[in-house]
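**Q** Provided below for reference: sequence and predicted model.
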Amino acid sequence: MTKHIFVTGGVVSSLGKGLTAASIGCILESCGLRVRMQKLDPYINVDPGTMNPYQHGEVYVLDDGSEMDLDLGHYERFTHAPLSKNCNFTTGKIYSKVIAKERAGDYLGQTVQVIPHITDEIKAAIDGLVADDVDVIITEIGGTVGDIESLPFLEAIRQYGIEKPKHDCLYIHLTLLVHLAASGELKTKPTQQSVGKLREIGIQPDILVCRTEHPMTDEMRRKISLFCNVRPEMVIEERDVESTIYEVPLMLRNEGIHRHIAAALALPDLPEPDLGAWEDIVETIRTSQREIEIAVVGKYMELTDAYKSIYEAMAHAGIANRVRIKLRRLASDEIDATNVVDQLGGVHGVCVPGGFGGRGIEGKIEAVRYAREHGVPFLGLCYGLHMAVIEYARNVCGLEDANSTEIDASTEHPVICLLDAQQRVTDKGGTMRLGAQRCRLVNGRARLAYGVDEVEERHRHRYEFNNGYRAQLEEAGMSFTGLGADHDLVEIVELAEHPWFLAVQFHPEFKSKPTACHPLFRDFVRAAMVRAGQAEPVPVAADARREGPPS
Ligand code: GLN
């Protein structure tokens, strides 16, 4: 019988609901339960794919090509729950379904309304994950309790609870204890009001998780319990973490959240969680002494959520290499040939992440040039590959105005262009290449890092390397070390003469986990450590000669 945990949030947004939901998933998995994760988002966009990263942070891409909320990244990093397009529903997606059904005549004779039609569709979305091999589904409701947009979702989960047997559903509410710096006090009133709002619409939370900067006293716990109608032991503290978000599962475990969940969901034999791997991660982060500095040269630098998975993958590489990673976040539109040395001087690695449109691309190209000419390890991700190719074409091959047709449609040298311009896959021209695709690896650093001959990586882009320029760039020293297994598209480029220069057309950051760092990030950071004099170089040539998969 599948049980349900619903996670809501109150007081303020950005409290870390996704992280808390993912951490609970992680704990329950480590107790041996088979967990699924899901997010319901109140905004009207059908998916976040069309939103600016400033609005909504990074768009997270799944194997099946669906473009998702970034919280799904937390779910994948913290749990093994398989994710698909059925794991993120927005108001827009729910309404689209209901409207399509109405047009198809499915509700003939009825007035189609929020209750029951929209709420039924939301409940169907939750039911979609129920299966014999699923013990617990954790459903996170986006937004903050009190928002108009959230109401149909909250109403749906309220109904869901009363329609199921008594111990099948559990409601966890995440709130903030507000700290008043002037008086040094922690205030519980916003929490009381947020729970009050939930109760007004018929949801009595079973567990309160209180985010707080400072320890919660027993007296506060009793007060919150009294005013919020939640048993005192079910009022749990979630203190701001000092060193890493990967501490959150340990913290919630120490608060005994799994025991409270087991009690509320009638799971009497739940074993204690084994979080040994997570303890090791936190210990490694705390005790790593060495430090390197990596520059990330992108467009949305003020907002850390815009490149969330990249920063996380860098952290994973730090864990794998036992090194602290200091990030120098640089806005590419502030970089030019006159200041690039000042801006990038002293870094041990340069990463150019994905992006869209023309703003700041010349700065990115300058950053690539700096890394290439100064022998600084370079990792290009998606748009970063485009920048690396343009830079090489311009500055090494002498194709002066080489560009991507995304930036300059009339360039004389379209080294990056749409598929249909290459007349290869005309029916897909101009649409996004999305989701997992197979890539064959030929000798090079990528092959060395992965240790296998074929990998599957996630894509989210429209423009491709123009094969019309392959011979010329190869002649000039660029290696094409990853090619599509199902087509002849370039997936990975490298410079063999450089200490470590590698760019990929896909997004490896979406497949990195704290417990299993992505091999490309791992080796990039290792190369940066070599640059910093903290590690010995890996002899690429010897391994690159190896035939077939490693034994
Ligand atoms: N703008 C580029 C394209 O559409 C790269 C996209 C990306 O970096 N995700 O092909």
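**A** Everything's here; your move. Numbers count the residues shown, from 1 in each chain.

**Q** contacting residues for Glu474?
**A** Glu474 sits next to Phe480 when contact means C-beta atoms under 8 Å, 6 or more residues apart in numbering. Bear in mind the C-beta positions are built from the backbone N, C-alpha and C, glycine included.

**Q** tell me the phi and psi of the residue lying closest to Arg239 once chain neighbours are set aside?
**A** Distance criterion C-beta to C-beta, 6 or more residues apart in numbering; nearest residue to Arg239, sequence neighbours excluded, is Thr212 at 5.9 Å. Main-chain dihedrals, Thr212, degrees, to the nearest 10: phi -150, psi 150.

**Q** State the pLDDT value of Thr212.
**A** pLDDT recorded at Thr212 is 93.

**Q** how far away is it from Tyr450?
**A** Counting by C-beta to C-beta, to the nearest Å, the gap from Thr212 to Tyr450 is 43 Å.

**Q** Same question for Glu279.
**A** Distance, Glu279 to Tyr450, by C-beta to C-beta: 28 Å.

**Q** Could you check which of these two is surrounded by more residues?
**A** Set Glu279 next to Tyr450 and count neighbours by other C-beta atoms under 10 Å: Tyr450 wins out with 21 against 15.

**Q** How about the more buried one, nearest residue that isn't a chain neighbour?
**A** Pro519 (5.1 Å).

**Q** got it, and His461?
**A** According to C-beta to C-beta, 6+ apart, the nearest residue to His461 is Cys382 (5.4 Å).

**Q** Kindly report the residues of the stretch 401-550 of the chain close to the ligand.
**A** 406, 460-463 (C-beta under 6 Å from any ligand atom).

**Q** Which one of the residues you listed is nearest to Thr244?
**A** The closest of these to Thr244 turns out to be Arg460 (C-beta to C-beta; 27.0 Å).

**Q** Surely that closest one forms part of a helix?
**A** No. In this structure, Arg460 is strand, not part of a helix, as judged by DSSP: H, G, I helix; E, B strand; the rest coil.

**Q** What residues does it make contact with?
**A** 59, 61, 67, 354, 382, 432-434, 507.

**Q** Please work out how many residues are found near the residue nearest to Arg239.
**A** By other C-beta under 10 Å, neighbour count at Thr212 equals 18.

**Q** what secondary structure does the closest residue to the ligand within the stretch 251-400 of the chain sit in?
**A** Nearest to the ligand, among the residues of the stretch 251-400 of the chain, is Gly354, at 2.7 Å (C-beta to the nearest ligand atom). Judged by three-state DSSP, the three-state class of Gly354 is coil.

**Q** which residues does it contact?
**A** 381-384, 460-461, 507.

**Q** So which of the residues you listed belong to helices?
**A** 383-384 (DSSP state H).

**Q** so which pair among the contacts of Gly354 is furthest apart in space?
**A** Largest pairwise distance in the contacts of Gly354, by C-beta to C-beta, is 13.1 Å, between Gly384 and Arg460.

**Q** contacting residues for the residue nearest to Tyr450?
**A** 449-451.

**Q** one step back: residues touching the residue nearest to the residue of the stretch 251-400 of the chain closest to the ligand when sequence neighbours are not counted, list them.
**A** Spatial nearest neighbour of Gly354, chain neighbours left out: Cys382 (3.7 Å); criterion: C-beta to C-beta, 6+ apart. Listed by C-beta under 8 Å, 6+ apart, the contact set of Cys382 reads 353-355, 459-461, 504-507.

**Q** need those in TSV with pLDDT and distance to Asp120, can you?
**A** Compiled in TSV, the contacts of Cys382 are given as follows (pLDDT from 0 to 100; distance: C-beta to C-beta, whole Å):
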residue	pLDDT	distance to Asp120
Pro353	96	41
Gly354	93	38
Gly355	92	40
His459	96	35
Arg460	94	32
His461	95	37
Val504	98	43
Gln505	98	42
Phe506	97	38
His507	98	36
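
**Q** can you pick the most crowded of those residues?
**A** Gln505 leads the contacts of Cys382 on contacts (other C-beta under 10 Å) with 30 neighbours.

**Q** can you list contacts of stretch 189-206?
**A** So stretch 189-206 is contacted by 8, 10-11, 145-146, 151, 154-155, 157-158, 161, 170-173, 175-178, 208, 210, 224, 227-230, 234, 260, 264 (C-beta under 8 Å, 6+ apart).

**Q** So among these, which ones count as buried?
**A** Among the contacts of stretch 189-206, those classed as buried by 16 or more other C-beta atoms under 10 Å are 8, 10-11, 145-146, 151, 154-155, 157-158, 161, 170-173, 175-178, 208, 210, 224, 228, 230, 234, 260, 264.

**Q** And the strands in the stretch 351-500 of the chain?
**A** Assigned by DSSP state E, counting those that start in this stretch, the stretch 351-500 of the chain shows strands spanning 378-381, 403-404, 414-418, 433-441, 454-461, 463-465, 478-484, 490-495.

**Q** what pLDDT, on average, does the longest one get?
**A** If you average the pLDDT over strand 433-441, you get 95.

**Q** same check, this time on stretch 158-170
**A** Mean predicted confidence for stretch 158-170 is 96.
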